[in-house]
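Engineer: Generate a structure from the sequence data that follows.
(chains A and B, ligands or ions: 2)
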Amino acid sequence: MSTNIQSGSLVQIRRNSTAVPLPHAPAPTSFHLFETELGAHVMLVNGSRVFTISSEIAAALEGSEGDAAQLLAELGLSAPEYITGAPLTDSPIRSLSLAIAQKCNLGCTYCYAQEGGFGAQEKNMSAEAARAAVDMLLSEAAAGDSFNLAFLGGEPLTNRKLLRECTERAVALAQTKHARISFSITTNGTLLTPEDGEFFERHGFAVTVSLDGVGEVHDRTRPFKSGRGSYDRVLANVRSLLAMQQRMQVSARVTVTPANLFLRETLDEFLSLGFHSVGFSPMLSSPTGAGEMGKAEMDVMLAQMISCGEEFERRVARGERYSFLNMTNAMRELHKGTHRPYPCGAGAGYLGVSADGGLYACHRFVEDPAGAMGDVKSGVDVARQARWLAERHVHMQEPCRNCWARYMCGGGCHHEVIHRGRPACDYIRGWLHYCLQAYIRLLERRPEFFYA
Amino acid sequence: MSKSIEAKNLSAQLQYQAFGNPPSTLPQTAISNAFPGLEMDFRNVWKRILVGIELHESSNLVVAVDKSAPPEAQGLAEGYRLMHINDVSVMVEVKGPQYVGGPNVSLPDTTFNDPRMPLEWSNALAVIVHEFSGQMVQCKFESLEDPTKTVQASLMVRPFFDEEEVDGEKVRRAVIAKDIAPPGELTQSLCSPWQNDYRECACFYWAATRPDYVNVEARPDGTSTGNNWMQKDRTPETPNVYIVDDWMDPTLVNYTDLFRHWEKSLRFIIEGKDEEAPPPQPE
Ligand code: SF4
Ligand code: SF4
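Structural biologist: Ligands and ions are numbered 1, 2, ... in the order given. A predicted model of the protein is given here:
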């Protein structure tokens, strides 16, 4: 036995180990091979486990076809199924986003909320609905539990008074329950005041400012309703917040459309302004189709993302901070081996609340029957939620069922998939493939980044 | 040809079964009796659950007190036991039959000669950890020497789980907090199945996959007779009577015998019976 371990061929090992019966149907893709200058590697889909392997093992895996399960078992790499087809049940709500104002002072061309009103009449959330939402979130809290309350819109700062009231109510309620609560807000930045900054600082808000580029690049997609650009105003407002950041974190979120495909410049400019982090996401589905990214644009975006990633690798290897959010998140998740049957917590631990107190799968589904989940008064519609979780499981999605990225991607943003489909899979897989390579390199060059 | 495999990320490290390692090196196939256990002694996570004092892992005795503990707690290591946390008792009186079909009687704690037994910590502290993590609780202690001597102290329940910062938000991780058990403590009192526990573990405990009741003969009344495998005197002429285990009984193999010469003290059992020629017993 020991001789064959040291000097035998793979074939010998296989003969000597316990046979695993071949599955009858072709098994879904169970691994993804990739290479770096450090060698050959494999990511096993089951458990998102990453290994460096000899080129012989890589070749054997490549040639294994439907036999991979057996080969993996023989190599000591098989594992019980981390993710079964069973939908998530019993998912307590840990996070709510309040569409505290379904109205907006900007007229962004691609906005999912259609200039704030979600295709309906503009309105503010009532104090009553907001209170009921906060109470619903925290009423069952146990000591030590963590919650998040997010303010979105429309532009949430058009209803500043209620935002503050909700925050204070949530803080007080969490205190009586000995639970933890964190806050976040996504804002267009045009209405931000230094007093807002102080309030956010006091409560440790994660403030995300939507910025689509530098100067007129931003102005093209994110103008005021009058048509005037909003960049200068946003920057003037944001600067005072950036200077205040202690507990609060002020980040920039860039929605990538065909009009702003220069990610690297944007990233470096915003980081130099002092944003805590900068993240990008492609515009894949807008109510009118405006600004949606096509295949060619997604290819450009991928190349740009990788260029940003390579800069991240250089900086982090030198021990510098370079807060490219997509990359920091990817490195954290890859290191843990995160694997999940859904893309996000929408409809599970996370729900969106409309101005009228309706519950929806997430902030983007507000006023959308496809994601309706009950309301804050009578609570979550559990039957609807159970159906959602069963239907949205990645095993139920085509072509995800057979995609190597299925447990990292989770099947793509529900909102985009339901309204546009899956036009971005090559981009998602291309990005993950690059991230896997970068992970291997950084683990070698800067292990303390992962094992601090 | 090289078959090298190196587990890189955390999920890979957790699951990888290296060449030559037995299946029991994986979390889901491990022996995982953690009480004390082969991989870790889970009882040790409770020793520091109350900030400032250290409890015995399997009884309610205070074994050490930190200088930082409140003044009223300073003398607790001199023979005090923790009796109540927030009016919840950590001791109970246990009642039950002493033999099959026997009457329910009180089953006292023979170590401290007390009619009450300390509850196992995982059970006794579940509610406290769930509801009072990071908060102060009222603890009542009693002196072993003189139960009328009691001490009340307000102590903090140490948070059990580690926390990490994710995007500026504190998130509880599924990992035991670092200061619940300093490095090495979780593995410092493992099972020793080939030493003490070879003798210690009773019939149904995992380390007890060894002969126990040997040379068994059925009796006409439906009962049986036989020997304890640890019984020293076991010739064909020895009366076939089972000696109930007692580590101090000189007629049984004791711990020292096992440590010094287990290979001489223990005998092979073939088809339930002693092998033919017993080796001579050492002095
Ligand atoms: S959405 Fe695309 S990339 Fe994501 S799991 Fe499905 S097929 Fe794979
Ligand atoms: S469904 Fe899409 S928009 Fe909603 S939370 Fe999930 S990823 Fe975000």
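Engineer: what are the ranges of the strands in the stretch 1-150 of chain A?
Structural biologist: A:31-36, A:39-44, A:49-53, A:95-102, A:123-124, A:146-153 (DSSP state E, counting those that start in this stretch).
Engineer: Establish whether the second one and ligand 1 are in contact.
Structural biologist: No - using Cβ under 6 Å from any ligand atom, strand A:39-44 stays clear of ligand 1, with a minimum separation of 13.2 Å. From N, CA and C alone the C-beta is placed, and that goes for glycine too.
Engineer: Could you give me the buried positions within that strand?
Structural biologist: Within strand A:39-44, the residues that count as buried by 16 or more other Cβ atoms under 10 Å in any protein chain shown are A:Ala40, A:His41, A:Val42, A:Met43, A:Leu44.
Engineer: one step back: in JSON lines, list the strands of the stretch 1-150 of chain A along with distance to ligand 2 and mean pLDDT.
Structural biologist: As requested, the strands of the stretch 1-150 of chain A are exported to JSON lines (distance: least, Cβ to the nearest ligand atom, whole Å; pLDDT from 0 to 100):
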{"stretch": "strand A:31-36", "distance to ligand 2": "22", "mean pLDDT": "96"}
{"stretch": "strand A:39-44", "distance to ligand 2": "22", "mean pLDDT": "97"}
{"stretch": "strand A:49-53", "distance to ligand 2": "24", "mean pLDDT": "97"}
{"stretch": "strand A:95-102", "distance to ligand 2": "9", "mean pLDDT": "96"}
{"stretch": "strand A:123-124", "distance to ligand 2": "21", "mean pLDDT": "92"}
{"stretch": "strand A:146-153", "distance to ligand 2": "10", "mean pLDDT": "94"}
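Engineer: and residue 95, bridged to which residues?
Structural biologist: Picking chain A for this. A:Asn148, A:Tyr350 (DSSP bridges).
Engineer: That was the other one, I meant chain B.
Structural biologist: In beta-bridge terms (that is, DSSP bridges), B:Lys95 pairs with B:Ser106.
Engineer: on that earlier part again, which one of the strands of the stretch 1-150 of chain A is the most hemmed in?
Structural biologist: Among the strands of the stretch 1-150 of chain A, ranked by average contacts under mean count of other Cβ atoms under 10 Å in any protein chain shown, first place goes to strand A:95-102 (a mean of 27).
Engineer: now the angle between strand A:146-153 and that one, please.
Structural biologist: 20 degrees (axes from the mean of the first three to the mean of the last three Cα atoms, to 10 degrees).
Engineer: elements contacting strand A:95-102?
Structural biologist: Judged by 3 or more Cβ pairs under 8 Å, 6 or more residues apart in numbering or on different chains; DSSP states H and E, the packing partners of strand A:95-102 are strand A:123-124, helix A:127-138, strand A:146-153, helix A:160-177, strand A:350-353.
Engineer: out of these, which comes closest to B:Ala218?
Structural biologist: Of all the helices and strands packed on strand A:95-102, it is strand A:146-153 that lies closest to B:Ala218, at 62.7 Å by Cβ to Cβ.
Engineer: Next one: the residue lying closest to A:Ser240 once chain neighbours are set aside relative to A:Leu241, how far apart?
Structural biologist: In space, and not counting its chain neighbours, A:Ser240 is closest to A:Pro194: 4.8 Å by Cβ to Cβ, 6 or more residues apart in numbering or on different chains. Using Cβ to Cβ, to the nearest Å, A:Pro194 is found at 8 Å from A:Leu241.
Engineer: now swap in A:Leu191 and tell me
Structural biologist: Distance from A:Leu191 to A:Leu241, by Cβ to Cβ: 12 Å.
Engineer: B:Cys191 too?
Structural biologist: B:Cys191 is 57 Å from A:Leu241, by Cβ to Cβ.
Engineer: Spit out the contact partners of residue 248.
Structural biologist: No chain specified, so I'll use chain A. A:Met248 makes contacts with A:Gly197, A:Phe200, A:Glu201, A:Gly204, A:Phe205, A:Ala206, A:Val207, A:Leu241, as judged by Cβ atoms under 8 Å, 6 or more residues apart in numbering or on different chains.
Engineer: not what I meant, chain B
Structural biologist: So B:Met248 contacts B:Asn254 (Cβ under 8 Å, 6+ apart).
Engineer: Regarding it, what is its secondary structure?
Structural biologist: Under DSSP: H, G, I helix; E, B strand; the rest coil, the three-state class of B:Met248 is coil.
Engineer: To A:Ser48, which of the helices and strands packed on strand A:95-102 lies closest?
Structural biologist: Evaluated over these, closeness to A:Ser48 peaks at strand A:350-353, with 21.3 Å, by Cβ to Cβ.
Engineer: Can I get the closest one as CSV, trimmed to CA atoms?
Structural biologist: This file holds the C-alpha atoms of strand A:350-353, laid out as CSV (Å, rounded to 0.1, in the frame of the first residue of the first chain):
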residue,chain,number,x,y,z
TYR,A,350,-33.3,39.7,3.5
LEU,A,351,-36.5,41.5,2.3
GLY,A,352,-37.3,44.8,0.9
VAL,A,353,-40.1,47.0,2.3
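Engineer: so what does that strand touch, helix or strand wise?
Structural biologist: With contacts taken as 3+ Cβ pairs under 8 Å, 6+ apart, strand A:350-353 sits against strand A:95-102, strand A:358-360.
Engineer: can you count the residues close to the closest residue to B:Ser189 other than its chain neighbours?
Structural biologist: Leaving aside its sequence neighbours, B:Ser189 sits nearest to B:Asp41 (Cβ to Cβ, 6+ apart; 4.5 Å). By the measure other Cβ atoms under 10 Å in any protein chain shown, the count of residues near B:Asp41 is 21.
Engineer: So B:Asp41 versus ligand 2, what's the distance?
Structural biologist: 43 Å (Cβ to the nearest ligand atom, to the nearest Å).
Engineer: circling back: would you convert the helices and strands packed on strand A:350-353 into CSV that also reports distance to ligand 1?
Structural biologist: As requested, those are exported to CSV (distance: least, Cβ to the nearest ligand atom, whole Å):
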stretch, distance to ligand 1
strand A:95-102, 22
strand A:358-360, 21
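Engineer: is it possible to export those strands to a markdown table including distance to B:Ile180?
Structural biologist: Shown next, in a markdown table, are the helices and strands packed on strand A:350-353 (distance: least, Cβ to Cβ, whole Å):
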| stretch | distance to B:Ile180 |
| --- | --- |
| strand A:95-102 | 28 |
| strand A:358-360 | 38 |
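Engineer: closest one to ligand 1 among the helices and strands packed on strand A:95-102?
Structural biologist: Nearest to ligand 1 among the helices and strands packed on strand A:95-102 is strand A:350-353; the distance by Cβ to the nearest ligand atom comes to 19.1 Å.
Engineer: per-residue confidence averaged over the closest one?
Structural biologist: Across strand A:350-353, the average pLDDT comes to 97.
Engineer: In the stretch 151-283 of chain B, where is pLDDT below threshold?
Structural biologist: Residue ranges of the stretch 151-283 of chain B with pLDDT under 70: B:166-169, B:202-209, B:277-283.
Engineer: Kindly report the same for the stretch 1-150 of chain B.
Structural biologist: In the predicted model, the stretch 1-150 of chain B carries pLDDT under 70 at residues B:1-2, B:31-35.
Engineer: And the residue of it that's closest to ligand 2?
Structural biologist: B:Ser11 (22.6 Å).
Engineer: secondary structure class for that residue?
Structural biologist: Assignment for B:Ser11 (three-state DSSP): helix.
Engineer: could you dump the longest helix along chain B to PDB, C-alpha only?
Structural biologist: Ranked by number of residues, the top helix in chain B under DSSP state H is helix B:255-265. Presented in PDB, the C-alpha positions along helix B:255-265 are these (Å, rounded to 0.1, in the frame of the first residue of the first chain):
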ATOM      1  CA  TYR B 255      -4.000   1.500  36.100                       C
ATOM      2  CA  THR B 256      -0.400   0.900  37.000                       C
ATOM      3  CA  ASP B 257      -0.500  -2.700  35.800                       C
ATOM      4  CA  LEU B 258      -1.800  -1.500  32.500                       C
ATOM      5  CA  PHE B 259       0.800   1.300  32.100                       C
ATOM      6  CA  ARG B 260       3.700  -1.000  33.100                       C
ATOM      7  CA  HIS B 261       2.800  -4.300  31.400                       C
ATOM      8  CA  TRP B 262      -0.500  -4.400  29.700                       C
ATOM      9  CA  GLU B 263       0.800  -7.100  27.400                       C
ATOM     10  CA  LYS B 264       1.300  -9.400  30.300                       C
ATOM     11  CA  SER B 265      -1.700  -8.400  32.400                       C
END
